[in-house]
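Asker: Structural data only, the sequence is not supplied:
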DNA sequence: AAGTGGTCTAGACCACCAC
DNA sequence: TGGTGGTCTAGACCACTTG
């Protein structure tokens, strides 16, 4: 039984500052050099403690601006029909959606497969970023089967897509296949989310179909991992 | 547009060795000092690249024995009734279950709340570890409402619990509430899974009830994060 | 006993952000 | 422009695993 390594001691001491409210949710931590000095250690070791807390989802970093205490996790029910705006608001948080692009294009292999379409079929691609209490937390790309949604480009994309589907096209997405994979964010997603490469994240995909089995939507989401708790409630078997 | 940092270059080169099959799934990576020398860098930077790949779920470490290439992820459908043994086998993998302990005890606050019982009510607690192709990947603690399962201690716990529920007690668990939280493994779980502290993991909880709404089971699972992809398929709303 | 990963030091320079 | 985090170096010792 050896004693705990220094960086875990530092982790515990930092966590204590958070738990006691000395560092409230959303607040910025003191500078790394300052903390290292206060804890009488080097920056490297201090950063190891910070990385530990980041992995746990207790703190996060914003680009080169510093470390911040993570707010409470958002409860996300991917099976339900609630729009981002709706379930974020319901939990007393402030949502914001930013449209990065919308275009019609031809389906590549992976998209075609997911939408049960031949390669090259016409699809819409919508890219969005979403904020939670002004923190950028999610980037998503949605591919849609253009055949079922003629003239979709006329609508606004900073609000619920599913509402447009229902009200304009009389389409209801009943069947969903969802995958959730914990991973690290790399490349494109890092840039879009303005985080450091290797930041822990969740990759969520969703294929949505109508009751008739027509595949309408293929969605890829990348979330920062400390933002979410996924909740599922079920009374039946899929 | 600055050039990519060295550790990300190293990551890419290591990943190439994996993708080309030079380092096949399950194989051990060369020693850190060796890799650092080969890549003409220091161990610290090399380890940053390794940590990156670990976060992505491409490699994992086994205590002090070295780094290994992660096998393909297991598809886990927490909503379904399949037992661990069954769905692991169905995916061509080899499952193993190890019982760490079984005892009757009084429900603590958190357990009582989850099982809709008063604090101090009699419950069974079962601790198990589970292996995937001989790799320790999951530790779970299951609390059971003892009132519905008299004499449960007579049965074996290295196989499906739900099968015993059905065959012996005529209990079918229909309603489930599941939460999935990405986090890092700390303390107890680290020891049970024999990993390094801060190892990325998934915390999954499940509350299971009968059709009559009686809460039978509360389950807490800690998985290594590179092992899983969670899949959900639904035709109805929870 | 040898070799491995785990931890830690004491610096350094750079890119970027806020002032 | 000053301070921040991001990256990187060149070592060191320890704890543990494996032969």
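Answerer: That came through fine. Note that the structure is a prediction, hence the values are computed from the model and not measured.

Asker: domain assignment for chain A?
Answerer: A:6-69, A:74-230 (automatic domain parsing).

Asker: neighbours of the residue of chain A found nearest DNA strand C, just the number please.
Answerer: As assessed by Cβ to the nearest atom of the strand, DNA strand C sits closest to residue A:6 within chain A, at 2.6 Å. To be clear about C-beta, it is placed using only N, CA and C from the backbone, and glycine gets the same treatment. Other residues lying near residue A:6 total 16 when counted by other Cβ atoms under 10 Å in any protein chain shown.

Asker: contacting residues around residue A:190?
Answerer: Residues near residue A:190 by Cβ atoms under 8 Å, 6 or more residues apart in numbering or on different chains: A:196-197, A:199.

Asker: In chain A, where is pLDDT below threshold?
Answerer: A:1-2, A:236-238 (pLDDT under 70).

Asker: Phi and psi next, for residue A:173.
Answerer: phi -90, psi 110 (degrees, to the nearest 10).

Asker: Go ahead and confirm it touches residue A:163.
Answerer: No - using Cβ atoms under 8 Å as the test, residue A:173 is too far from residue A:163 to be in contact (11.5 Å).

Asker: Between the two, which has more neighbouring residues?
Answerer: residue A:173 (20 against 14).

Asker: Provide a list of residues in contact with the more buried one.
Answerer: A:81, A:162, A:165, A:208-210, A:216-217.

Asker: make it 7 Å
Answerer: The neighbourhood of residue A:173, defined by Cβ atoms under 7 Å, 6 or more residues apart in numbering or on different chains, consists of A:162, A:165, A:208-210, A:216-217.

Asker: can you redo those residues as CSV with secondary structure, neighbour count and distance to residue A:65?
Answerer: Formatted as CSV, these follow (DSSP: H, G, I helix; E, B strand; the rest coil; neighbours: other Cβ atoms under 10 Å in any protein chain shown; distance: Cβ to Cβ, whole Å):
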residue, secondary structure, neighbour count, distance to residue A:65
A:162, helix, 17, 35
A:165, helix, 21, 38
A:208, strand, 24, 37
A:209, strand, 19, 42
A:210, coil, 16, 44
A:216, strand, 23, 40
A:217, strand, 25, 35
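
Asker: Which pair of the residues you listed spans the longest distance?
Answerer: A:162 and A:209 (12.9 Å; Cβ to Cβ).

Asker: Would you map the strands across chain A?
Answerer: A:59-62, A:66-69, A:74-76, A:95-106, A:122-132, A:135-145, A:175-184, A:200-209, A:215-224, A:228-234 (DSSP state E).

Asker: Output those strands in TSV; the columns should cover distance to residue B:67.
Answerer: Compiled in TSV, these are given as follows (distance: least, Cβ to Cβ, whole Å):
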stretch	distance to residue B:67
strand A:59-62	25
strand A:66-69	28
strand A:74-76	32
strand A:95-106	37
strand A:122-132	34
strand A:135-145	30
strand A:175-184	16
strand A:200-209	18
strand A:215-224	25
strand A:228-234	28
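
Asker: show me which of the contacts of residue A:190 neighbour chain B.
Answerer: Contacts with chain B within those, as defined by Cβ under 7 Å from any Cβ of the partner chain: residue A:197.

Asker: List buried residues within the contacts of residue A:190.
Answerer: Neighbour-count burial (16 or more other Cβ atoms under 10 Å in any protein chain shown) is assigned, among the contacts of residue A:190, to A:197, A:199.

Asker: In helices only, show me the contacts of residue A:190.
Answerer: With DSSP state H as the criterion, helices contain none of the contacts of residue A:190.

Asker: got TSV for the contacts of residue A:190, with distance to DNA strand C too?
Answerer: Output for these, formatted as TSV (distance: Cβ to the nearest atom of the strand, whole Å):
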residue	distance to DNA strand C
A:196	11
A:197	12
A:199	15
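
Asker: What parts of chain A come near chain B?
Answerer: A:8, A:52, A:55-57, A:73, A:78-81, A:174-184, A:186, A:197-198, A:200, A:202, A:225, A:229-238.

Asker: Buried ones from these, can you make that a PyMOL selection?
Answerer: Command for PyMOL that selects the buried part of the residues of chain A next to chain B, burial taken from 16+ other Cβ under 10 Å:
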select buried, chain A and resi 8+52+55+56+57+73+78+79+80+81+174+175+176+177+178+179+180+181+182+183+184+186+197+198+200+202+225+229+230+231+232+233+234+238
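
Asker: just checking, residue A:61 touches residue A:67?
Answerer: Yes - contact status for residue A:61 versus residue A:67: in contact at 5.2 Å, counting by Cβ atoms under 7 Å.

Asker: and these two? which has more neighbours close in?
Answerer: residue A:67 (22 against 16).

Asker: and residue A:218, bridged to which residues?
Answerer: residue A:143, residue A:207 (DSSP bridges).

Asker: do the one 4 residues further on as well
Answerer: Listed beta-bridge partners, residue A:222: residue A:139, residue A:203 (assigned using DSSP bridges).

Asker: okay but it is in contact with residue A:203, surely?
Answerer: Yes - the criterion here is Cβ under 7 Å, and residue A:222 meets it with residue A:203 at 5.9 Å.

Asker: before we move on, the earlier item: for residue A:61 and residue A:67, list the residues in contact with both.
Answerer: Common neighbours of residue A:61 and residue A:67 (Cβ under 7 Å, 6+ apart) do not exist.
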